[in-house]
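# From the sequence below, what's the structure:
(chains A and B)
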Amino acid sequence: MLTAEATISFEARARPTLADVYAQHVTSVIAWAARLGGPLIDPEDVAHDVFVTAARKLSGLAGPEHLAVWLYTLTRNEVRNRRRQVRLRKFLLGLWGRDLSAEDPRPLAPDALEQAATAALVRAALERLSERQREVLVLFELEGRSGAEVAAFVGVKEANIWVVLHRARAALAREVERLEEDSK
Amino acid sequence: MSEDTTAAERRALELLRQHDPALSVRPGAAARVEARLHRPAKKPRYVGPLVIAAIALSTASFAAKALFWPAPVTPVTPRVVSAPVVQAAPEPVAVPAPRGSSLLEEARLLERVAQELKKGQVTEALAGVEAHEAKYPFGVLRLEALGFRVQAFEQLGAENVTAAMAEQWVAALSDLGRCSDAARLARQSAPAQREAFNRALKGFCSP
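Numbers count the residues shown, from 1 in each chain, chains lettered A, B, ... in the order given. This is a model prediction of the structure:
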């Protein structure tokens, strides 16, 4: 329950416009989409759809202080939907004996080849983690957020975050080793 | 938390940080998303399937009629031959050209670019391409504009382009799916430009 003072201060603050939201958060949304989406999902498409949804729902936002968490949730949901579509497409193409490859058909510059191979390996390892593990790794390890922040973004208790993080690190190391063994 | 991690975990995390998937986002992504948000909304997707379904249904009903329903018997009546009536030809109705059509505008802009390239006015041609891209970032003739940009840079010669131009060149070639050409040009460029080329190659032609 908000106190009278808090209510006044909240109402006095200007509700953010879509332009403000876009300017402040577009880079984060694109980065989240790239990190959570995997190689078959275009982060720009995801960001576009996130801001279209944000434009529709911005008036119902509880408070500007929740903006980042809210946008993260929209991004995660959009990525989840697209992952589902990709799985369906893979399944349907599989029925036709075709493969939905993530490979970029463009040839690479020679010096970029090794880098590309390692980047692909890391992405593949990240893909093999569970959604929750991937989220926690991205927010904690790549974005450098605190445990409390990660808990707010993911929507679980902070104590659980440390457990998930511990397992996610172990799983990532295991998958990287396994993929490196396979590629030898 | 870092003291809890094993060596393998630390190495995997280091690799993850070095190859952060967010680094693979192409430069200018925010501007492209913003431009898309300003575009008019597309037609709803269900229109296409509905039209196809309507055509399929009408074709099926027509075929069913032709196959299963007996044709009505019409009495044969003698044809009355009458003098041919000469009808006045209808007045040709002028179809108004669509005004302000973006495709026509695009084509006009790019025709000018092509003429300037023929005359060897590379700077003007590049300005024309820039104008086209600024006005129609998602135009129908976007790839043609990129083609003209590449042609303009080719006329300049790899050794004469500035660092900014090298980046534009590689970006245009990567959009056209010609990263191998971009790599070749990087090798051919003068040492002063080579670093700019290689930087652009990493930005646009690596995953």
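# and stretch B:176-189, which residues are buried?
B:176, B:178-179, B:181-183, B:185-186, B:189 (16 or more other Cβ atoms under 10 Å in any protein chain shown). Just so you know, the C-beta spots here come from the backbone N, C-alpha and C atoms, and that holds for glycine as well.
# Could you do stretch A:159-172 as well?
For stretch A:159-172, by 16+ other Cβ under 10 Å, it's A:161-162, A:164-165, A:168-172.
# and the buried residues of stretch B:176-189, which of them are in helices?
Judged by DSSP state H, the subset of these located in helices is B:179, B:181-183, B:185-186.
# The buried residues of stretch B:176-189 into a markdown table, with extra columns for pLDDT and distance to chain A?
Shown next, in a markdown table, are those (pLDDT from 0 to 100; distance: Cβ to the nearest Cβ, whole Å):
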| residue | pLDDT | distance to chain A |
| --- | --- | --- |
| B:176 | 73 | 10 |
| B:178 | 78 | 8 |
| B:179 | 82 | 4 |
| B:181 | 79 | 9 |
| B:182 | 79 | 7 |
| B:183 | 82 | 4 |
| B:185 | 77 | 11 |
| B:186 | 77 | 7 |
| B:189 | 74 | 13 |
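# now these in CSV, with distance to residue B:29?
Output for those, formatted as CSV (distance: Cβ to Cβ, whole Å):
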residue, distance to residue B:29
B:176, 19
B:178, 21
B:179, 18
B:181, 24
B:182, 20
B:183, 23
B:185, 25
B:186, 23
B:189, 27
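# Enumerate the residues of chain B near chain A.
B:1, B:4-6, B:8-9, B:11-13, B:15-22, B:24-25, B:29-30, B:32-34, B:36-37, B:174, B:177, B:179-180, B:182-183, B:186, B:198, B:201-202, B:205-207 (Cβ under 8 Å from any Cβ of the partner chain).
# C-terminal to the least confident helix or strand in chain B by mean pLDDT, what's the next element?
Least confident helix or strand, chain B: helix B:47-68 with a mean of 65, by mean pLDDT, DSSP states H and E. Counting by DSSP states H and E, the next helix or strand C-terminal to helix B:47-68 is helix B:102-119.
# quick one: contacts of the helix or strand just after that next one?
Scanning forward in sequence from helix B:102-119 by DSSP H and E, the next helix or strand is helix B:122-135. When contacts are defined by Cβ atoms under 8 Å, 6 or more residues apart in numbering or on different chains, helix B:122-135 is touched by residues B:105-106, B:109-110, B:112-113, B:116-117, B:139, B:141-142, B:145, B:148-149, B:152, B:155-156.
# Buried residues of helix B:122-135, list them for me.
Those would be B:122, B:124-126, B:128-129, B:132-133, for helix B:122-135 by 16+ other Cβ under 10 Å.
# Name the nearest of these relative to residue A:28.
residue B:133 (26.9 Å; Cβ to Cβ).
# quick one: which of the buried residues of helix B:122-135 is nearest chain A?
Minimum separation from chain A among the buried residues of helix B:122-135 (Cβ to the nearest Cβ) is found for residue B:133, which lies at 17.0 Å.
# Could you list every helix and strand in contact with the lengthiest helix in chain A?
As assigned by DSSP H, the longest helix anywhere in chain A is helix A:67-95. Packing contacts for helix A:67-95, counted by 3 or more Cβ pairs under 8 Å, 6 or more residues apart in numbering or on different chains; DSSP states H and E, involve helix A:18-37, helix A:43-57, helix A:147-154.
# Using CSV, please lay out those helices together with mean pLDDT, mean neighbour count and distance to chain B.
Listed next are those as CSV, based on pLDDT from 0 to 100; neighbours: other Cβ atoms under 10 Å in any protein chain shown; distance: least, Cβ to the nearest Cβ, whole Å:
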stretch, mean pLDDT, mean neighbour count, distance to chain B
helix A:18-37, 90, 20, 4
helix A:43-57, 88, 19, 5
helix A:147-154, 94, 19, 9
